[in-house]
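[1] Attaching a predicted model along with its sequence, questions to come.
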Amino acid sequence: MDNFLIATIVIIFFTALLSRIVQKYDRVLKSIQNFHITIVRKDGKRLWGNVKMYVNGIKLLFSKPFKSSGGSWVDSYIFYQSELDNVRIIYRYHDELSPENKQRRLDEIKLVSKPGHLRRSIRKFRNFISNFQEAFSDTLGVFLNRMKSSAGEIIKANEKHLKQVGSTAIGAAGKEYDQILEHHINKKVVISVNNGESSHEYSGFLGEYSAKWIALLHCNVEKDWQLPLNDMNRLILNRNIDVSFRVVHKNNEFGLELEVSNYSQKSIRLKRIKGIDYSKNIYKTVKPNGSCKTVLTKLPKELFPEEGSKIIDKTIESIAPERGGHYHPELWRELKDKLPDLDLIYSCSRRVDVYVPRSIAVVRHAVSKV
């Protein structure tokens, strides 16, 4: 076989392989593989579940099945690569991680903050390609012209493909490099996120970044949070809070006996119980390692499904796995269509890792150590 033919085949193969490698996974999003996350779309809709990564998108496995608009029960949502542009922000809450995933997260941070020799070399090589991206592209063109004059029709027939694949490979590696962000890796910064009509700031440690995404780790977010009482698996995922409740029915009226236990290191503020066209204030504080009981009476019967009569006077407990709780599909099937359509609204500070598209987020400040 002609040497130029062999060289051409080798060039086409390895250039295509390089292009495939650099485009395989976004290096920011691949860090959420098999973690429980919450995705907020640009239309405000929230979805949560465990992440399964694919080359052309991600699959979100729900904590419980939901009924689709067509009436089918579904257990996942697929975001194709193009649809990730509709994602506003991704949260990875620390109190929803299992001990194994907490360790995985720490290992991930260690790779960014204290990379080994191989990882450091790969990063330097990628940054080198970025700095000389135009020179590499020009060199590729000169090389192909030289090969074309020697190998004749073989290179001519594949010239367009080689240029396209080569430029894609070089461009994918080069576009990710940002000199300012590189300088602030593993340092505390403030990012500003543009939500359209307003903007919001998050303070944390800059993790990995790519051409499209940026990761901010160890953020403290204090606001009102929502726990759905009809999603037991979601309740169990919150390692800092255990919730138990009992539906009562007296004098043709529904009531709810609720107990919340706080296993975090900070106090939480119970604000209200909320349902469709219903809201009842609580305003009680639960101190660390403490618990709080409250009783709600005269609740609208519309908040309780017909099957709900089967759990009247039964105590429903959602306990974290570390304290003996169980997270499994059987729990959902057992309680499906029986739980009240109510949400517990509470406020506290939660530790979270934030993933934001660079199209709407910018590193605005470096945080002073003073």
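    That came through fine.
[2] which stretches of the protein have low pLDDT?
    Scanning the chain for pLDDT under 70 picks out the ranges 1-24, 113-177, 327-328, 370.
[3] Helices along that one, start to end?
    3-23, 99-113, 117-131, 133-151, 153-175, 179-183, 232-237, 329-335 (DSSP state H).
[4] Pull out the buried positions in the second one.
    Meaning helix 99-113. 101, 104, 105, 108, 109, 112 (16 or more other Cβ atoms under 10 Å). For every residue, glycine as well, the C-beta is placed using N, CA and C.
[5] just the last one next, same as before
    Applying a neighbour-count criterion of 16+ other Cβ under 10 Å, the buried positions in helix 329-335 are 331, 332, 335.
[6] can you dump the C-alpha coordinates of that helix into CSV?
    Presented in CSV, the C-alpha positions along helix 329-335 are these (Å, rounded to 0.1, in the frame of the first residue of the first chain):
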residue,chain,number,x,y,z
PRO,A,329,-39.8,2.8,44.3
GLU,A,330,-41.9,0.5,46.5
LEU,A,331,-42.4,3.4,48.9
TRP,A,332,-43.9,5.5,46.1
ARG,A,333,-46.2,2.7,44.9
GLU,A,334,-47.4,2.1,48.4
LEU,A,335,-48.4,5.7,49.0
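[7] Give me the residues contacting it.
    Contacts of helix 329-335 with the rest of the structure, by Cβ atoms under 8 Å, 6 or more residues apart in numbering, involve 64, 65, 232, 233, 236, 311, 316.
[8] one more time with 6 Å, if that's ok
    Defining contact as Cβ atoms under 6 Å, 6 or more residues apart in numbering, one finds that helix 329-335 is touched by 64, 232.
[9] and the residue nearest to residue 271 when sequence neighbours are not counted, what are its bridge partners?
    Of all residues not flanking residue 271 in the chain, residue 345 sits nearest, at 4.6 Å (Cβ to Cβ, 6 or more residues apart in numbering). Per DSSP bridges, the residues bridged to residue 345 are residue 226, residue 272.
[10] in stretch 240-253, what's buried?
    So for stretch 240-253, counting by 16+ other Cβ under 10 Å, buried means 240, 241, 242, 243, 244, 245, 246, 247, 248.
[11] Now, these that are in strands?
    241, 242, 243, 244, 245, 246, 247, 248 (DSSP state E).
[12] what about residue 229, distance to residue 275?
    Residue 229 sits 9 Å away from residue 275, taking Cβ to Cβ, to the nearest Å as the criterion.
[13] Revised request: answer the last question for residue 284.
    Using Cβ to Cβ, we find residue 284 at a distance of 19 Å from residue 275.
[14] So for these two, which sits in the more crowded spot?
    residue 275 (18 against 14; other Cβ atoms under 10 Å).
[15] So for residue 229 and residue 275, which residues contact both of them?
    Joint contacts of residue 229 and residue 275 (Cβ under 6 Å, 6+ apart) are residue 342.
[16] Now the closest residue to residue 230 other than its chain neighbours: phi and psi?
    Closest residue in space to residue 230, ignoring its immediate chain neighbours: residue 339 at 3.9 Å, by Cβ to Cβ, 6+ apart. Dihedral angles of residue 339 (phi, psi; degrees, to the nearest 10) stand at phi -90, psi 150.
[17] Verify the contact between residue 339 and residue 232 for me.
    No - using Cβ atoms under 6 Å, residue 339 makes no contact with residue 232, being 7.3 Å away.
[18] and the two? which has more neighbours close in?
    Set residue 339 next to residue 232 and count neighbours by other Cβ under 10 Å: residue 232 wins out with 24 against 21.
[19] Tell me what the nearest residue to residue 290 once chain neighbours are set aside is bridged to.
    Closest residue to residue 290 apart from its sequence neighbours, by Cβ to Cβ, 6+ apart: residue 262 at 5.7 Å. Going by DSSP bridges, residue 262 is paired in beta bridges with residue 241.
[20] Fine, thanks again, bye for now.
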